[in-house]
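Would you be able to build a 3D model of this:
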Amino acid sequence: MKKAGFKALAAASGAALLLVSGAGSVNAQTALASSCMVKVDSGRTITGNPWVKVKNNCAWNYNVKVVWKYGPDSTCKLLRQGETRRSESTPTAVYEATNIC
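A predicted model of the protein is given here:
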């Protein structure tokens, strides 16, 4: 339990260092958002299209897009704090990541 708390503190501290060092707020926001945007469920439709549900566990709202390998990415959409969004792609696609856009 302490180990998980330490990892969260280390991630937050790393992002804070990016801000202080002048690396840019966009990089720090991306680092923070990537650690709190979580895939909560996934599967395939009856027609074979893959889908994924992503939840924003961050403290802020973010514009995000779902990145698919071997398929088209989703459009950039607002994902509010605590909100879950579903994204679907073409049959050959595989979920790769959720990115800030």
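
For this protein, which residues score under the pLDDT cut-off?
The model of the chain has pLDDT under 70 over residues 1-34.

what ranges do the strands span in it?
Shown for the chain, the strands assigned by DSSP state E span residues 37-44, 50-56, 62-69, 77-79, 84-88, 94-100.

okay if I get these as CSV plus mean neighbour count?
(C-beta placed from N, C-alpha, C; glycine too.) What follows is the strands of the chain, written out as CSV (neighbours: other C-beta atoms under 10 Å):
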stretch, mean neighbour count
strand 37-44, 13
strand 50-56, 20
strand 62-69, 19
strand 77-79, 15
strand 84-88, 16
strand 94-100, 17
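
hang on, isn't Ser74 packed against Lys65?
Yes - if you go by C-beta atoms under 8 Å, Ser74 and Lys65 touch, sitting 5.0 Å apart.

If Lys65 is in a bridge, with which residues?
Per DSSP bridges, the residues bridged to Lys65 are Asn99.

What's the separation between it and Thr75?
7 Å (C-beta to C-beta, to the nearest Å).

residues contacting Tyr95?
Lys39, Ser42, Pro50, Val52, Val66, Val67, Trp68, Lys69 (C-beta atoms under 8 Å, 6 or more residues apart in numbering).

try Pro72
Residues in contact with Pro72 (C-beta under 8 Å, 6+ apart) are Ser89, Thr90, Ala93.

from those residues, which ones fall inside helices?
Among the contacts of Pro72, the subset assigned to helices under DSSP state H is empty.

Next, format these as CSV and append neighbour count.
Formatted as CSV, these follow (neighbours: other C-beta under 10 Å):
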residue, neighbour count
Ser89, 21
Thr90, 12
Ala93, 21
